[in-house]
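show me the folded form of this:
(4 chains)
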There are 4 protein chains.
Amino acid sequence: MKLRVGILGATGAVGQKFIALLADHPWFEVSALAASERSAGRPYGEVVHWLEDSALPANVAKIEVQNAHEALLDCDFVFSGLDSSVAGQLEEAYARAGYPVISNARNFRMNPEVPLLIPEVNPDHLQLIETQDWGSEGFIVTNPNCASVGITMALKPLHDAFGLELVHVTTMQALSGAGYPGVASLDAVANVVPFISGEEEKVESEPLKMLGLLTGNCVQPASFRVSAQCTRVPVIDGHLAAVSLKFKTPNTSVQSAIRAITHFSTPKEVSKLPSSPARALELFDDPTYPQPRRHVNLGGGMTVSIGRVRACPILDVKFVCLVHNTVRGAAGGAILNAELLASRGKLKHRSGVEVAGSAF
Amino acid sequence: MKLRVGILGATGAVGQKFIALLADHPWFEVSALAASERSAGRPYGEVVHWLEDSALPANVAKIEVQNAHEALLDCDFVFSGLDSSVAGQLEEAYARAGYPVISNARNFRMNPEVPLLIPEVNPDHLQLIETQDWGSEGFIVTNPNCASVGITMALKPLHDAFGLELVHVTTMQALSGAGYPGVASLDAVANVVPFISGEEEKVESEPLKMLGLLTGNCVQPASFRVSAQCTRVPVIDGHLAAVSLKFKTPNTSVQSAIRAITHFSTPKEVSKLPSSPARALELFDDPTYPQPRRHVNLGGGMTVSIGRVRACPILDVKFVCLVHNTVRGAAGGAILNAELLASRGKLKHRSGVEVAGSAF
Amino acid sequence: MKLRVGILGATGAVGQKFIALLADHPWFEVSALAASERSAGRPYGEVVHWLEDSALPANVAKIEVQNAHEALLDCDFVFSGLDSSVAGQLEEAYARAGYPVISNARNFRMNPEVPLLIPEVNPDHLQLIETQDWGSEGFIVTNPNCASVGITMALKPLHDAFGLELVHVTTMQALSGAGYPGVASLDAVANVVPFISGEEEKVESEPLKMLGLLTGNCVQPASFRVSAQCTRVPVIDGHLAAVSLKFKTPNTSVQSAIRAITHFSTPKEVSKLPSSPARALELFDDPTYPQPRRHVNLGGGMTVSIGRVRACPILDVKFVCLVHNTVRGAAGGAILNAELLASRGKLKHRSGVEVAGSAF
Amino acid sequence: MKLRVGILGATGAVGQKFIALLADHPWFEVSALAASERSAGRPYGEVVHWLEDSALPANVAKIEVQNAHEALLDCDFVFSGLDSSVAGQLEEAYARAGYPVISNARNFRMNPEVPLLIPEVNPDHLQLIETQDWGSEGFIVTNPNCASVGITMALKPLHDAFGLELVHVTTMQALSGAGYPGVASLDAVANVVPFISGEEEKVESEPLKMLGLLTGNCVQPASFRVSAQCTRVPVIDGHLAAVSLKFKTPNTSVQSAIRAITHFSTPKEVSKLPSSPARALELFDDPTYPQPRRHVNLGGGMTVSIGRVRACPILDVKFVCLVHNTVRGAAGGAILNAELLASRGKLKHRSGVEVAGSAF
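Predicted structure coming up:
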C-alpha cells in the first residue's frame, strides 16, 4: 500500500511539479491537495492552470482542493511547495499536528534543528529530525534553493577530498526558477537581468550548512566562504553556474579535482531510491557542454552536469555546472528526500490519526 | 575635405558595422572597400548580405569591391574588420605601403610596438606608433576584444585609484559577437553555451596591456591577474560581465569604489571627438540594471554601463558591467581610435600616393 | 508656444511610449500626467517603472502624477493610454469638459460619431468630430488596434484601386502588444500562443470602418469581409501579418497590386506633419523581408513594411506586412492624429479654462 | 530477430533523429550507417556532432560510417535522411539493388508510383509499391514534408466527412525544421522570417496526393486547392499552422467539424504499430492551446494537436494545428511507415543478398 501524500501549495509551479513527478511513483500517491482559499472546494483540474508538459493525471484532477489555512490534509505526510510568506506558519502547524513535512520552502532551511538535505551529500544530517520537538511525532525536512543544490553537489567530492576555502559563483538561472507568471517576457527575451532577489544570500549560506559536519546533534557549518552573483537568462529550465574555487589542500591539481568528481558515487542507501539517477554527477569533456537546453533532463532531471574543469589563474580550479532547477532543485529533490525518509522507516501510514482544523 | 576611408573585410559583420557607423561621419567618408575574391569586381550593394538595421548608404552600395589580396585601396587610411586568419598578412602589407591601419583584428593587439587603444583609458599608449618601423609612414593601431573593452573601461578608475590585484570575470556574451551566420539558432535559443573559443585568453591578457604603464617607448603590463569564464547567451547585442576584484590598497570600501567610478571623466582631448559619448561610464542604482536589451545603446553604444557595485565576500568588490560588443567593442571603438589619431594630426590626405598591388 | 499635453494612463506601457515619443516634439510638450490612485501625488520619476530604452526626460520625471479619477488635467488636450476598463468613463468626462481627447483605447473606436483615424488612410473621417455633441467643445478621436493599423495601411492602396472583397489575415504579434508585465516569459520563450483575447474581433471590424466611405456626416463601412487568426510570438516589437485577399475587380494581376502599393503616397497635408515618415509603405523585394527585428523601426517606427507580394492559389494576392505595434500601432499613431488635428486648427491653447473635478 | 536497419545521411539532423528514435525499438536495430566521404571510415561516435538530448546509444557510436557513394550498406532495409541534392541518385541505387527504401527526402514524394504515406491517412496507397519496377525487389516509400504532415492529418477526417474545397494555411515553423546549423541565431532570436525556401510549394501539393483516391494502381489527387504562407519563428520543435477551409458539403457546421475530428480513430492495423500514438489527433478546448513548447511531445511527438476550431467569416471553418516536425514530420513518420510495411510482411531479412558497390 502506497503512502498517501498531501501537497501544500498544490496549484503553484512547485506544487504542479510534485504532482507531475509523483504520477506512477512506486511508493507514494497523491491523496490530498491544499491551496489558497480562492481554489478551495473545487476539483483540482478545474482550478489549476496546468503548466507541465505531461498531462495532469486524471485521478489528481478529481481531488477537491482544500483551503490550506482551514484544515489539515488527510494523508501520511506532506510535501510543501508553499510560498515562503505562508510556509513558516503552515509547515509548523503540520509538524505540530504530527505530520512529516518535506518542504521546498526556505523558511526552515537554516534552522539548526532542521536538515537541509541532499541525499547524496549529507544523508547523515537527517538525524537532526530527532532533535526536533513539535510536541508530536511530526518533523520538518527541507531541500536547498534551486541554485544552491547544483553547486553543492558539484562541490561535495571536492570538499571531501581537498577541503574548500573560497568559492566564487556566477549563476545564469532559468526563468522557471521564478515560478509562474514569474519574469515578464519583456524582461526575459533577448536579455539578461543581473539580479534575483534573495538568491545570492542563499547561495552564499546554504552550501556551508550542507557540507558541514554533524557532531552530536548539531551541524557545524563548513568554514569556506562563498561569493555569488546571480543572474536571470532566457532559458526555460536549468541553472548554470560558473564556479571558481580555492582548496585548503595546497597544490591540488586540476587532474586530481577531475578524478574526485569522476570517482564520486552515490551512497548505496541512496542509489536504491526510486528517484536516484544512475549518476549523480556527470562530467563532460566537450568544452561546449553542459548546456541547459541539451543536458538539463539528464538522469530524469536529477543529475548535475559538470564541464570545463580547468585551472583558475587566481584561485585553484574553475568549472561550470548545471542543475534542473525545478526537478533536482525543487520537487524532485524533495521527493528524493522523502524516499530516503521512507527507506529509513520515518514515513508511516497515519491511519486513525485525527485530522483537525484546530491546529491553526 | 573628409579623410577617405578604406575598409578591409567590408562584407563581414564588422565591416558592415563600420559602414553603418560612418554614414554621416563628420570627418571620414568611405571611399574604397576590399573583401575576398568572391565579392571582388561587383558593387558592394550586390554582394553584401546587409545585416544592419539602418539602410545601406546609397553611395557605399555603388562602390566596386576590390580583392583584398590583389591591390591596395585608394584611401587615406584603412579600417580592418578582417578575420584573424588573413589580418596579419594584409594589415602588415598596408602598413608597409605607408597606410595607417586601424584594426579590430586580434593579430597585432599584443605586439609590444602596437597600441591596444581605448581613448578614455590609455591615450598615451598611442605614442607606441612612433616605435613602429614598417619601412614607410604606415602604422597599426588596434582596439581590444569586444569583451575586454567593457571590463577594462570599468576597471580603469578603480585601478587608477586603488590598484588592482585580482580580477574574476564571468561574461554573458551576445550572439552578434560571433559574427554572421555565427552561432546556430538551435545552440542559441533558450540555451547558454559555456565556452567561446579563444575568448578567455584575451580577457585574461588584454586588460593588463591597456592598464599598463608607458615608460619610454614601452608598455609595462599591469601586474594584476585575471580569471575569465566566457559564456554565450541568447542576447542580440551587449556583453554583460559579472566582475569581482581585489585591490592592492587595503580596506578600500565599496563607497570609495563607487565614488571612483562616478568621478571618472573622459580626458578632454577625447571628449571632443565625434564618437565620444557624453558619459564613458554610466553607474546604475537600480539593482536590476544594467540589462543588455535596455541599456546596450546608451551613448550611441559607446557608453559602458555598470551596476550592483557591492562588497564581495571573498575578494573586495563585485559589480556587473555591460558593453555594446559591436559598437564600443568593435567598429565604434576603432572609429574613436581613428578620431583620436586624426585630432592629433596622425591621419593625412594621401593625395598622390602610388597605390600598388606589388605590396602583396 | 507649444501645446500643453496631458497624458491619461501615464504609467502604463502606452503612456510611457507617449512620453518617450513626445520628448523634443516640435509642437507638443507634456504638462500633466494622470494615473491610478496608487501613483497620485508623487513625482512621475518615482512611481513609474520606466520600460523605454531612451532615458526618461528630466522635466517629465518631476511632474506630480494626478489621480485620473479625481480632477481634470491642466493642459490643452489629452492623449489617452488608458486601459479599456476605465477609458470609456474618463474619456467621456474629458470630452464633456471641453478637451480634445486623442485616444488609443478601444472604447469609442466603433462609435459612429468618432473617427477611427489613420492620417494616411482616412483623413476625411476627421470631419466626424463635428457631429459629436458632448455639451462642450470637446471631442474624441481614436486610432486603431495595433494589428489593424498595419493591415489597413497595406490594404489602403489596394482597396482604392481594385476594391477588396475578402481578406484573410494571420498575425504573429509581438510581446509588447500585451503591455507590461503582459505575457509570462514561460509562455513566450521558444513558444507561440495561438490566441489573443479580443484581437480577432478588432482586426475583423476596424479596417472596414477605416476604409469606409464618408457620406454626409456618416461613415459607410467598406463591404469586404475579414477573417483573422491572431497569435503571439516571441518578438519584442513588431506585428507581422500574413495576408491573402480577393479583389472586386476581376483579373487584377499581382503586378498591378505591386504597382498600387509602390505608387501609394502620403497625402500632402499629412506628409508635412512632424511624425509622418518619409514613406508610409515600404515594399521589399527580398523574399525574406520584412522581419520584425530588422525592419520594425523603419521611418521611426511609423512606416509599414510589405513583402512577398505574390499570387494566392485560392484568393487573388497574398503578402506579408509589418507594423511597429507600440509606435505606429499605439502612441505614435495617436500623436500623428493629434498633429493632423493641430495642423487643421482643431487643437488650441486652453488658457483660462476652468479645470474642475466636478466632471466626475 | 530484429530487422537490420541502414541509415543514409546518418550524421545529419534527420539521421540522428532516426538513431535516437530507434534506440530500443522492438522490431528494428541499426546495423549500418552511411554519410559523406568526409565521415567515412571512422566510428560514428567520433564523427557525429550529436544534437539529440538523449545519449547516443553506445552500440551505434561504434559503427563504422561508410561512404554513401561507394558501397551499399549491409542491412535489411534503409531509412534515408539524405539531403535532396543526393537523395534522388542514392535512393534509386538502393531500390535497384533490391532494398526497401523508407525515405524522408522530397525527391520521390510526388512520383506517381511512390506512396507518400501517413499510415493513419492513406495506408491503402502503400499498394503503389507493387507498381514500382526497379529491376529488383526494391521499392521506395516516402513520408511528407514536416509542415504538410500535420495539416494533412488534421484535414483527413474533415475531407472524409465533408469534402475539402479550399484550404488556407499560414505556418509558424520551428528552427529544427532547417536542420543544423540551419538558421543563424541572429536571424532567429526575437524575430520571424516570413519565407522558407520551397516550403509553400510542398504544402500546396503534398496534401492533395495523400488525400487522393487510389483507383487501380494510381492515386487521383484530391481536387481541393491549398494556399500556404510559411514562416520561421523562434521555436525549437513544433510547426504550428493556422488553417481556414471551405467544404464541398454546404452548410457544414463548426460542431460537425469538431465531431469529425473527435471521432477520428487510427485504423486498427496502424494502432497496433509500436510508434503509433494512443491518439493521432488531440483536440483542445482551451483557446490558448496547442502551443509548440507545451504540446509538441504529445504521443511521443507522434500526435497532431488541434485547437480553436471555430467559424471562418470568409471560408467555413478555421483552426490551428501543431505537429512535431522532426518526429512525426520526419524520422518518426518514416519509422511508422516502416512499421506498417513490416506488419504487412514487406520488410524481410536480406541474408545472403550480395552487397555491391557496383550499384553506383
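
what is the burial count for the residue in chain A that chain B sits nearest to?
Closest to chain B within chain A is A:Thr170: 3.6 Å, counting by C-beta to the nearest C-beta. In short, each C-beta sits where N, CA and C put it, glycine included. By other C-beta atoms under 10 Å in any protein chain shown, the residues close to A:Thr170 number 29.

show me the contacts for it.
Counting by C-beta atoms under 8 Å, 6 or more residues apart in numbering or on different chains, A:Thr170 touches A:Ala228, A:Gln229, A:Cys230, A:Thr231, A:Ala241, A:Ala242, B:Thr170, B:Gln229, B:Ala242.

can you check A:Val320 too?
Residues near A:Val320 by C-beta under 8 Å, 6+ apart: A:Leu240, A:Ala241, A:Ala242, A:Val243, A:Pro290, A:Ile306, A:Gly307, A:Arg308, B:Pro194, B:Gln229, B:Thr231.

for PyMOL, write the selection for the buried entries among those residues.
In PyMOL, this line selects whichever of the contacts of A:Val320 come out buried by 16 or more other C-beta atoms under 10 Å in any protein chain shown:
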select buried, (chain A and resi 240+241+242+243+290+306+307+308) or (chain B and resi 194+229+231)
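
of the contacts of A:Val320, closest to B:Thr326?
Proximity of the contacts of A:Val320 to B:Thr326 was ranked by C-beta to C-beta; the top entry is B:Thr231 with 18.0 Å.

that closest one: which element?
strand B:225-232 (DSSP states H and E).

kindly export that strand (C-alpha atoms) in PDB.
Presented in PDB, the C-alpha positions along strand B:225-232 are these (Å, rounded to 0.1, in the frame of the first residue of the first chain):
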ATOM      1  CA  ARG B 225      45.800  38.700 -12.600                       C
ATOM      2  CA  VAL B 226      42.500  38.000 -14.400                       C
ATOM      3  CA  SER B 227      40.400  34.800 -14.400                       C
ATOM      4  CA  ALA B 228      37.700  34.700 -17.000                       C
ATOM      5  CA  GLN B 229      34.800  32.300 -17.700                       C
ATOM      6  CA  CYS B 230      33.100  33.300 -21.000                       C
ATOM      7  CA  THR B 231      29.700  32.100 -22.000                       C
ATOM      8  CA  ARG B 232      27.300  32.800 -24.800                       C
END
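
I'd like the average pLDDT over that strand.
The average pLDDT for strand B:225-232 rounds to 98.

which other residues reach that strand?
A:170, A:172, A:240, A:242, A:244, A:308, A:312-315, A:318, A:320, B:147, B:165-173, B:175, B:177-178, B:183, B:187-188, B:192-196, B:199-200, B:203-205, B:207-208.

among those residues, name the ones in helices.
In helices, defined here by DSSP state H, the members of those are B:Ala147, B:Asp187, B:Ala188, B:Glu199, B:Glu200, B:Val203, B:Glu204, B:Ser205, B:Pro207, B:Leu208.

for the fifth one, which non-adjacent residue is spatially closest?
Just to be clear, that refers to B:Glu200. B:Ala228 (4.3 Å; C-beta to C-beta, 6 or more residues apart in numbering or on different chains).

which parts of the stretch 1-150 of chain A are helices?
Ranges of helices in the stretch 1-150 of chain A, per DSSP state H, counting those that start in this stretch, are A:13-22, A:44-47, A:58-61, A:84-96, A:146-162.

avg pLDDT for the fourth one?
If I follow you right, that is helix A:84-96. 97.

for the closest residue to A:Glu199 other than its chain neighbours, give its distance to chain C.
Of all residues not flanking A:Glu199 in the chain, A:Cys230 sits nearest, at 4.1 Å (C-beta to C-beta, 6+ apart). Using C-beta to the nearest C-beta, to the nearest Å, A:Cys230 is found at 17 Å from chain C.

who does A:Cys230 bridge with?
For A:Cys230, the beta-bridge partners are A:Thr171 (DSSP bridges).

burial count for A:Asp53?
By other C-beta under 10 Å, the residues close to A:Asp53 number 12.

now swap in A:Ala278 and tell me
A:Ala278: 12 surrounding residues under other C-beta under 10 Å.

and A:Trp50, how close does it get to C:Ala184?
Distance check for A:Trp50 against C:Ala184: by C-beta to C-beta, to the nearest Å, it reads 14 Å.

ok, the two, which is more surrounded?
A count of neighbours by other C-beta under 10 Å puts C:Ala184 above the other of A:Trp50 and C:Ala184, at 20 against 17.

does A:Leu281 touch A:Gly299 like I think?
No. Contact criterion C-beta atoms under 8 Å: A:Leu281 and A:Gly299 do not qualify, at 9.6 Å.

contacts only, for the residue nearest to A:Phe284 when sequence neighbours are not counted.
Spatial nearest neighbour of A:Phe284, chain neighbours left out: A:Gly307 (4.0 Å); criterion: C-beta to C-beta, 6+ apart. A:Gly307 sits next to A:Leu283, A:Phe284, A:Asp285, A:Asp286, A:Pro287, A:Tyr289, A:Pro290, A:Phe319, A:Val320, A:Cys321, B:Pro194 when contact means C-beta under 8 Å, 6+ apart.
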